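Colleague: Mind folding the following:
(one chain, ligands or ions: 1)
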Amino acid sequence: MANRPVVLIVEDERPQMELLAFNLGKEGLHVVSAADGEEALIVADETAPDVILLDWMLPNLSGIEVCRRLRDKQSTQQIPIIMLTARGEEADRIRGLDTGADDYVVKPYSVGELVSRVRAMLRRTRPSTVGQVLSHADISLDAARHRVERDGVPINLGPTEFRLLSVLMERPGRVFDRDQLLDLVWSRDSEIDHRTVDVHIGRLRKALRKTGGPDPIRTVRGTGYAFDPDR
Ligand code: CA
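Modeller: The predicted structure is shown next:
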């Protein structure tokens, strides 16, 4: 699977949606969309997007309510949300941020500005997907060149191990459970079980230890795994 970031656009105005989809697609992002709040909750759950652009004014379920429900659910609570709002008033902005949005853009916005906000968000949360080299201890990962090195020695990884390492290295020290790894590395609709995660972790460890260094991946019993090279 390509290491392309997924952006979910929630917008009921079709021309607006198409304009955003076109411009974000041009930036190399994989775009999924929803035209109302109910659909947004379903698509967010199915596709585990890396960032959500959420219109405030939606039919039926408002953007604020969608935001609240995304935050209440374990599988979606970590996904960064950028609210698109026509309401420029301070009180409304604060309300949006209070509900759990990470950023907001006031309509009418410039598409260029919105695209750069999305990239800024991804740089913080999914740096490997926007061309940043990840580097921790003696291990570096360059997603743009699809290259991993340890202590200067190139490490060959299969596509799944590469994506697994990207996800782990983006949050050093954080413990991911197997379900989270399945969402982030595979995708929710695939018929893959926990044992598969363990198999690929095993392959990744073996490859990373080829240079003789210590095991940078920590197993947390009963939970999952963390990238922890400095422990
Ligand atoms: Ca709207």
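Colleague: List the contacts of the closest residue to the ion within the chain.
Modeller: Residue nearest to the ion within the chain: residue 57 (4.0 Å; C-beta to the ion). C-betas here are computed from N, CA, C, even on glycine. By C-beta atoms under 8 Å, 6 or more residues apart in numbering, the residues touching residue 57 are 12, 63, 85, 86.
Colleague: how about the residues of this structure that lie near the ion?
Modeller: 12, 55, 57 (C-beta under 5 Å from the ion).
Colleague: Just the residues you listed: which are in strands?
Modeller: Among the residues of the chain next to the ion, the ones falling in strands (DSSP state E) are residue 55.
Colleague: okay if I get the residues of the chain next to the ion as TSV plus pLDDT?
Modeller: Output for the residues of the chain next to the ion, formatted as TSV (pLDDT from 0 to 100):
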residue	pLDDT
12	96
55	93
57	89
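Colleague: Tell me which residue is most central in this structure.
Modeller: residue 50 (2.8 Å; C-alpha atoms, centre = their mean).
Colleague: What residues does that one make contact with?
Modeller: Contacts of residue 50 by C-beta under 8 Å, 6+ apart are 5, 6, 7, 79, 80, 122, 125, 126, 129.
Colleague: Pull out the buried residues from those residues.
Modeller: With burial judged by 16 or more other C-beta atoms under 10 Å, the buried subset of these is 5, 6, 7, 79, 80, 122, 125, 126, 129.
Colleague: so which pair among those is furthest apart in space?
Modeller: Using C-beta to C-beta, the pair of the buried ones among the contacts of residue 50 lying farthest apart is 79 and 129, separated by 13.8 Å.
Colleague: in the protein, which spans are strands?
Modeller: With DSSP E as the criterion, the chain has strands at 6-10, 30-34, 51-55, 81-85, 103-106, 133-136, 139-142, 147-150, 153-155, 176-177, 217-220, 224-227.
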